[in-house]
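Chemist: no sequence on this one, just coordinates:
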């Protein structure tokens, strides 16, 4: 798979279309802000279908003469101001396309159980959030006939069609159709070593830009009586991601869950060349280094039984660094670093060194239309408004200007009059994100938007976009592999073995007995007819 250049002339035209659409529609820059929780409010309007005096039909051929109310399922729980925000959105929708929307909610704690029931029960609704990582993944819903094929009606929403890149539409394809609208808020799967450059100045060392300078930082940290890393057993997976991101053309492969020590493609240009890293020299060298780090005191001896996570340890001044992905640390910068003194935070991103910054799947956050919806074309027009008209976008993503947010010197801020008990709220609107309209917040680290702009010009697409692994034939093997990973695998990643060389061989042996080769063969078999959406 070739390295993708996002800022192509075609995409520039598409994004220009988006911006012009937002300007042309005008309107107050009303937005709603719900803070970091993205709480969802119960904002349904009991508007029945009714005839209006209008007989307008839009140029693209959608009959708007009858007012309709469409239902949209999102994750979250009611926010106190959501009804007010949605009323403002519906006022605009009724005026522009004679439509209203009703938000229905699946509470955060109920997602695993209620989301599958939503589709299994055949409930009558119009739109819903979808994702390749949802309890019922997007491609599964598409294959089982639960979703409307929008490829037949995309020309009814030309601004939306033009705004979304062809690679994103390709990732939304399943069989011969397109069954969802992908987000325009590009994300990137990039993990990094997050550290305080102020320490480098104080300790007389260089900033961290590679493995050698990372080790120098950690050594200096130990010398100043603070753990470089501190947290619980989850740190093991941080190190595993570091191994994968920093090694050649390796990228995560399907099969074994990415919450544990997963499979990789040795080269993102060849989706069939799949291995488990445990059987490589790179893995052996890496865990041997981790064993040395443990002996040098880079983390607490009780890390396997600890309960507190690494960011909380940093916040409590019990560590000098941690590993996480860019969006996590930059988005939570104020929450983690905001109350600490002398913070000059930066990150070394492992994948940058191998020129393999990977864009998150466009199907990570999507809006889908229920195959039973009576008004699929109207649904598409609503999605188009919420994603490509800036006045709608700000309302849906941020709230009502002057109540949920203000814009001060180009940054989002809470108004002085903001009272969370009466003004709090917002919608989990990830699927409707549009990078062109995003407004930075002072609670975020400014490098967030610098990196997004940098990576948008040079990234790779996930070569497995559009592929869903069916695990039914190897469920027993996957369970056995998970047990091996959660015991000896984690111990290796945290330097908790008596003899690292012997432990590596034992880990390999146990993976073989668990059936890792069977899983890899099954994965390769399923991939034989797969063509990457990113190509």
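Modeler: All right, it came through fine. Bear in mind that the values here come from a model prediction, so they are computed numbers and not experimental data.
Chemist: show me where the stretch 51-200 of the chain has strands.
Modeler: 66-75, 99-106, 127-130, 173-174, 177-178, 181-182, 188-189, 191-196 (DSSP state E, counting those that start in this stretch).
Chemist: how about those strands, which one is nearest residue 163?
Modeler: For residue 163, the closest of the strands of the stretch 51-200 of the chain is strand 181-182, at 10.1 Å, according to C-beta to C-beta. For the C-beta atoms, the positions are set from N, CA and C on the backbone; glycine is no exception.
Chemist: so how far is the closest one from its chain's centroid?
Modeler: In terms of C-alpha atoms, centre = their mean, to the nearest Å, the gap separating the centre of strand 181-182 from the centre of its chain is 14 Å.
Chemist: quick one: mean pLDDT over it.
Modeler: Per-residue pLDDT over strand 181-182 has a mean of 96.
Chemist: neighbouring contacts of it?
Modeler: Contact with strand 181-182 is made by 150, 160, 164, 168-169, 171-172, 362-363, 365-368, 380, 383, 387, 431, as judged by C-beta atoms under 8 Å, 6 or more residues apart in numbering.
Chemist: thinking again about what came up before, reformat the strands of the stretch 51-200 of the chain as CSV; add mean neighbour count and distance to residue 449.
Modeler: As requested, the strands of the stretch 51-200 of the chain are arranged in CSV below (neighbours: other C-beta atoms under 10 Å; distance: least, C-beta to C-beta, whole Å):
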stretch, mean neighbour count, distance to residue 449
strand 66-75, 20, 25
strand 99-106, 22, 29
strand 127-130, 28, 25
strand 173-174, 20, 30
strand 177-178, 18, 30
strand 181-182, 29, 21
strand 188-189, 21, 12
strand 191-196, 24, 16
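Chemist: redo those as a markdown table? Include distance to residue 323.
Modeler: Putting these into a markdown table (distance: least, C-beta to C-beta, whole Å) gives the following:
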| stretch | distance to residue 323 |
| --- | --- |
| strand 66-75 | 27 |
| strand 99-106 | 31 |
| strand 127-130 | 29 |
| strand 173-174 | 34 |
| strand 177-178 | 37 |
| strand 181-182 | 28 |
| strand 188-189 | 14 |
| strand 191-196 | 6 |
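Chemist: right, and those strands - which one's nearest residue 453?
Modeler: strand 188-189 (11.3 Å).
Chemist: distance between that closest one and the chain's centre?
Modeler: On the basis of C-alpha atoms, centre = their mean, strand 188-189 is displaced by 8 Å from the centre of the chain it belongs to.
Chemist: for stretch 271-291, same thing?
Modeler: That offset, for stretch 271-291, works out to 26 Å (C-alpha atoms, centre = their mean).
Chemist: in it, which residues are buried?
Modeler: Applying a neighbour-count criterion of 16 or more other C-beta atoms under 10 Å, one finds 271, 274-278, 280, 283-284, 286-287, 289-291 buried in stretch 271-291.
Chemist: ok, stretch 210-218 next?
Modeler: Buried residues in stretch 210-218 (16+ other C-beta under 10 Å): 213-218.
Chemist: save those residues as JSON lines, and put in pLDDT too.
Modeler: What follows is the buried residues of stretch 210-218, written out as JSON lines (pLDDT from 0 to 100):
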{"residue": "213", "pLDDT": "98"}
{"residue": "214", "pLDDT": "98"}
{"residue": "215", "pLDDT": "98"}
{"residue": "216", "pLDDT": "98"}
{"residue": "217", "pLDDT": "98"}
{"residue": "218", "pLDDT": "98"}
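Chemist: among those, which ones are in helices?
Modeler: Of those, the ones assigned to helices by DSSP state H are 213-218.
Chemist: how about the strands of the stretch 51-200 of the chain, which one is nearest residue 312?
Modeler: Across the strands of the stretch 51-200 of the chain, residue 312 has its closest neighbour in strand 191-196 (13.7 Å, C-beta to C-beta).
Chemist: which residue ranges of the stretch 301-450 of the chain form helices?
Modeler: 310-315, 326-331, 333-337, 376-388, 390-397, 420-423, 447-455 (DSSP state H, counting those that start in this stretch).
Chemist: next, format those helices as TSV and append mean pLDDT.
Modeler: Listed next are the helices of the stretch 301-450 of the chain as TSV, based on pLDDT from 0 to 100:
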stretch	mean pLDDT
helix 310-315	96
helix 326-331	93
helix 333-337	93
helix 376-388	98
helix 390-397	97
helix 420-423	95
helix 447-455	92
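Chemist: now distance to residue 230 and mean neighbour count too, for these, in a markdown table please.
Modeler: Listed next are these as a markdown table, based on distance: least, C-beta to C-beta, whole Å; neighbours: other C-beta atoms under 10 Å:
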| stretch | distance to residue 230 | mean neighbour count |
| --- | --- | --- |
| helix 310-315 | 4 | 21 |
| helix 326-331 | 16 | 20 |
| helix 333-337 | 13 | 18 |
| helix 376-388 | 41 | 25 |
| helix 390-397 | 35 | 24 |
| helix 420-423 | 32 | 14 |
| helix 447-455 | 23 | 16 |
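Chemist: what's the closest of the ones in helices among the buried residues of stretch 210-218 to residue 420?
Modeler: Checking these against residue 420 with C-beta to C-beta, the nearest one is residue 217 at 39.0 Å.
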